[in-house]
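Chemist: turn this into a structure:
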Amino acid sequence: MRPIESAIDTGSAQFKDNTKAYQALLETLDERLQWAISGGPNREQSIERHLDRGKILVRDRIDMVTDIATPFLEFSTLSGWGQYDNDVPGAGIVTGVGLVHGVPYVFIANDATVKGGSLVPMAIKKHVRAQDIAAENDLGVIYLVDSGGAFLPLQDEIFPDKDHFGGSFYRQARLSAQGLPQLSVVLGGCTAGGAYVPALSDEVIMVEGIGGIFLGGPPIVKAALGEIVSPDELGGAEVHTRISGVSDYMAATESEAYGRLRDICATTNQRSIEDRQGWIGWVEPEPPAYDPAELHGIVSADDRIPFDATEIIARIVDGSRFSPFKPEWGSSIVCGFTRIWGHLVGVIANNGIIFSESALKATHFIELCEQRRIPLVFLQNTSGYMVGSDSERGGIAKNGAKMVSAVANATVPKYTVLIGGSYGAGNYGMCGRGFNPRLLFAWPNSRIATMAADTAETVLTDIRLGGLKGAETTEEEIAEIRAGIRHQYETQSDPYHATSRLWDDGLIDPVQTRDVLGLSLALAARQDEPAAGPALVYRM
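Modeler: Predicted coordinates:
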């Protein structure tokens, strides 16, 4: 692999303007992340009540379990942004991957300072997504349970469907059956369905005085049976550890519970992050030859102005070394082999619209990576597949379908980063959420929708005017239609709208991309090599 020779002039006015514009995006991201982490502007009383009970805040709990000075890859920090009157930061739950004795675990931790830990629909979706990440990466799950149960006013969005709360129990049982440890520490109420989180766990620790498990809490027991009983008497740590056997261990404090949890983790015989099996072809990593901070100046401040994907790759990969595939053909897609934190990968990155030859090039490259068992990294920045009479005659529909089929059938680990636009079927061909990449992250300049706002404004305005069947329409009415369509598409393609709904696994600063991908690949490297899938479509 040869080093990429960058053509970026870091002293140019355009580079400086881009950098300034991106800094504004990062300031917004930092502000909103702080909103999620601190719990919004009105959480002081909730935090005070939580601490007065002798409880520890949710991210401090995770820090007490994980190894000192090791990374924690948090998922979907901004889930719930703009929803529920912006009153449920992070959807009231923290998920991510952390190391315990060098072994990666998925953490699912309730934040009881947000609506008492009650589970809104996005909290369930976030919980289930974390379990799916655990399943695909062969990771155990640690549940730090401190929940008020389902948010009953929205019960029809939480309870009955496939990926609602019952789906989390199904996944937990399946993960345990696969030998992936399911470990719970009960730090608050586990009522009704919430009782099954610890009950389905392989081992359970309850903290005296604050932990409780009951299928029906004291109010329900009083209403159903006329029995008056305190929470501790009904389902406290002593009841469930010494009498019912639902809990396996009792701890006097949270600190003691986390020490016990780490002891349990030491006995689970899971592969550590350093236990690489070699199938990905790991070597000692080297930093990029170009400063990753330069990414801020490369991404165009005006999203209508393209930027070269090769320049992005140069600031993410080891030594900025890259071996391009078919560099003289299908230039609107860049394909090639490289390493990220020592892991061999195949990169597919957009340089705008996907033409027929670009689709065929990507399909061929995906087939090579599948054949050679090399993970795939997709860097999305496309308005989609090319339209028009020439493209249709050239078979863009079939060639695009070949690319989509190749992505769907590839069995090697796939990872996606939205570095710009993600529009139309280009989202699918570049391994969007619907094509199940193991992890998908987005930059704060990214956009995702069926089409860009400019295009939607033109197309939908014409359709609506055509539907009026010749009725007179004033210029003011047409302008109002255009403005409404533009507002809808600009709002719904906004990266915060997307991350709030878990269309990605989190918004990240471009500078973090290399480290996030490196950790993601390290999870796959500790697994056995996945079995190859069926033959792909390109050679047919």
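Chemist: for the helix or strand encompassing residue 496, packing partners?
Modeler: In the assignment (DSSP states H and E), residue 496 maps to helix 495-500. Applying 3 or more Cβ pairs under 8 Å, 6 or more residues apart in numbering; DSSP states H and E, we find helix 495-500 packed against strand 439-442, strand 447-449. Heads up, the C-betas are built off the backbone N, CA and C, glycines and all.
Chemist: which stretch of helix or strand covers the residue of the chain positioned farthest from its centre?
Modeler: In the chain, the residue that sits farthest from the middle, by Cα atoms, centre = their mean, is residue 472; the gap is 48.0 Å. Taking DSSP H and E as the definition, residue 472 sits outside all helices and strands.
Chemist: report pLDDT for it.
Modeler: Residue 472 is assigned 74 on the pLDDT scale.
Chemist: gap between it and residue 478?
Modeler: Residue 472 is 11 Å from residue 478, where distance means Cβ to Cβ, to the nearest Å.
Chemist: strands of the stretch 151-300 of the chain, start to end?
Modeler: Counting by DSSP state E, counting those that start in this stretch, the stretch 151-300 of the chain has strands at residues 182-186, 189-191, 203-207, 212-214, 249-251.
Chemist: compare these and say which comes out lowest on pLDDT.
Modeler: strand 189-191 (a mean of 85).
Chemist: measure how far that strand is from the centre of its chain, please.
Modeler: Remark: strand 189-191 is offset 27 Å from the chain centroid, using Cα atoms, centre = their mean, to the nearest Å.
Chemist: the longest strand along the chain: partners in the sheet, and parallel or antiparallel?
Modeler: Identified as the longest strand of the chain according to DSSP state E is strand 414-423. Applying DSSP bridges, strand 414-423 is found paired with strand 376-382 (parallel), strand 439-442 (parallel), strand 447-449 (parallel).
Chemist: out of the ones you listed, which is closest to residue 130?
Modeler: Comparing the strands paired with strand 414-423 against residue 130 with Cβ to Cβ, the closest turns out to be strand 439-442 (11.4 Å).
Chemist: give me the buried positions along the closest one.
Modeler: Neighbour-count burial for strand 439-442, counted by 16 or more other Cβ atoms under 10 Å, picks out 439-442.
Chemist: pLDDT and distance to residue 274 added to those, as JSON lines?
Modeler: Converted to JSON lines, these look like this (pLDDT from 0 to 100; distance: Cβ to Cβ, whole Å):
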{"residue": "439", "pLDDT": "98", "distance to residue 274": "20"}
{"residue": "440", "pLDDT": "98", "distance to residue 274": "26"}
{"residue": "441", "pLDDT": "98", "distance to residue 274": "24"}
{"residue": "442", "pLDDT": "98", "distance to residue 274": "29"}
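Chemist: low-confidence ranges in the stretch 401-540 of the chain?
Modeler: 468-471, 535-540 (pLDDT under 70).
Chemist: what do you get for the chain?
Modeler: In the chain (pLDDT under 70), the answer is 40-41, 152, 276-278, 468-471, 535-540.
Chemist: find the centremost residue of it, please.
Modeler: Central residue of the chain (Cα atoms, centre = their mean): residue 505, at 1.2 Å.
Chemist: return the residues in contact with that residue.
Modeler: Listed by Cβ atoms under 8 Å, 6 or more residues apart in numbering, the contact set of residue 505 reads 75-76, 129, 133, 439-441.
Chemist: got it, and residue 93?
Modeler: 108-111, 119, 123, 126-127.
Chemist: tell me, how many neighbours does the residue nearest to it when sequence neighbours are not counted end up with?
Modeler: Closest residue to residue 93 apart from its sequence neighbours, by Cβ to Cβ, 6 or more residues apart in numbering: residue 123 at 4.7 Å. Per other Cβ atoms under 10 Å, the neighbour tally for residue 123 reads 29.
Chemist: so residue 123 is in which element?
Modeler: helix 121-137.
Chemist: now the angle from the following helix or strand past that helix to strand 182-186?
Modeler: Next along the chain after helix 121-137, taking DSSP H and E as the criterion, comes strand 140-145. For strand 140-145 against strand 182-186, the angle by axes from the mean of the first three to the mean of the last three Cα atoms, to 10 degrees is 20 degrees.
Chemist: give me the contacts around strand 140-145.
Modeler: Against strand 140-145 from outside (Cβ under 8 Å, 6+ apart): 58, 61-62, 65, 100, 103, 105-110, 130-131, 134, 172, 175, 180-188, 190, 194, 197-198, 201, 261, 265, 268, 270.
Chemist: tell me which of the helices and strands packed on helix 495-500 approaches residue 495 most closely.
Modeler: strand 439-442 (5.5 Å).
Chemist: confirm residue 37 sits in a strand?
Modeler: No: assignment of residue 37 by DSSP: H, G, I helix; E, B strand; the rest coil gives helix, placing it outside any strand.
Chemist: contact partners for it?
Modeler: 59, 77, 89-90.
Chemist: can I get these in a markdown table including distance to residue 167 and secondary structure?
Modeler: Listed next are these as a markdown table, based on distance: Cβ to Cβ, whole Å; DSSP: H, G, I helix; E, B strand; the rest coil:
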| residue | distance to residue 167 | secondary structure |
| --- | --- | --- |
| 59 | 26 | helix |
| 77 | 22 | coil |
| 89 | 24 | helix |
| 90 | 20 | helix |
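Chemist: tell me which two in the residues you listed are the farthest apart.
Modeler: Longest span within those, Cβ to Cβ: 59 and 89, 12.0 Å.
Chemist: pick out whichever of these two has more residues nearby.
Modeler: For residue 59 versus residue 89, neighbours defined as other Cβ under 10 Å are more numerous around residue 89 (27 against 17).
Chemist: pretty sure the more buried one is touching residue 35, no?
Modeler: Yes: with contacts counted by Cβ atoms under 8 Å, residue 89 reaches residue 35, the gap being 6.1 Å.
Chemist: ok, what's across the strand from the residue nearest to residue 519 when sequence neighbours are not counted?
Modeler: Nearest residue to residue 519 in three dimensions, chain neighbours excluded: residue 73, at 5.4 Å (Cβ to Cβ, 6+ apart). Using DSSP bridges, the beta-bridge partners of residue 73 come out as residue 97.
Chemist: go ahead and confirm residue 73 touches residue 521.
Modeler: No: here residue 73 does not reach residue 521: they are 11.9 Å apart, not a contact under Cβ under 8 Å.
Chemist: for residue 334, give the beta-bridge partners.
Modeler: residue 349.
Chemist: ok, it - how many residues close by?
Modeler: 26.
Chemist: tell me the contacts of it?
Modeler: Residue 334 touches 309-310, 313, 324, 347-351, counting by Cβ under 8 Å, 6+ apart.
Chemist: relative to residue 343, how far out is residue 284?
Modeler: Taken as Cβ to Cβ, the span from residue 284 to residue 343 is 11 Å.
Chemist: more crowded one of these two?
Modeler: Remark: of residue 284 and residue 343, residue 343 carries more neighbours, 25 against 8, as counted by other Cβ under 10 Å.
Chemist: the more buried one pairs with what?
Modeler: Going by DSSP bridges, residue 343 forms beta bridges with residue 340.
Chemist: at which residues are the helices of the stretch 1-150 of the chain located?
Modeler: 13-38, 44-52, 58-65, 121-137 (DSSP state H, counting those that start in this stretch).
Chemist: so for residue 459, which of those helices sits nearest?
Modeler: Among the helices of the stretch 1-150 of the chain, helix 13-38 sits nearest to residue 459 (Cβ to Cβ), with 27.6 Å.
Chemist: quick one: buried residues of that closest one?
Modeler: Under 16+ other Cβ under 10 Å, the buried positions of helix 13-38 are 15, 18-19, 21-22, 25-26, 29, 32-33, 35-37.
Chemist: okay if I get those as JSON lines plus distance to residue 85?
Modeler: Shown next, in JSON lines, are those (distance: Cβ to Cβ, whole Å):
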{"residue": "15", "distance to residue 85": "41"}
{"residue": "18", "distance to residue 85": "35"}
{"residue": "19", "distance to residue 85": "35"}
{"residue": "21", "distance to residue 85": "31"}
{"residue": "22", "distance to residue 85": "30"}
{"residue": "25", "distance to residue 85": "25"}
{"residue": "26", "distance to residue 85": "26"}
{"residue": "29", "distance to residue 85": "22"}
{"residue": "32", "distance to residue 85": "16"}
{"residue": "33", "distance to residue 85": "19"}
{"residue": "35", "distance to residue 85": "13"}
{"residue": "36", "distance to residue 85": "15"}
{"residue": "37", "distance to residue 85": "19"}
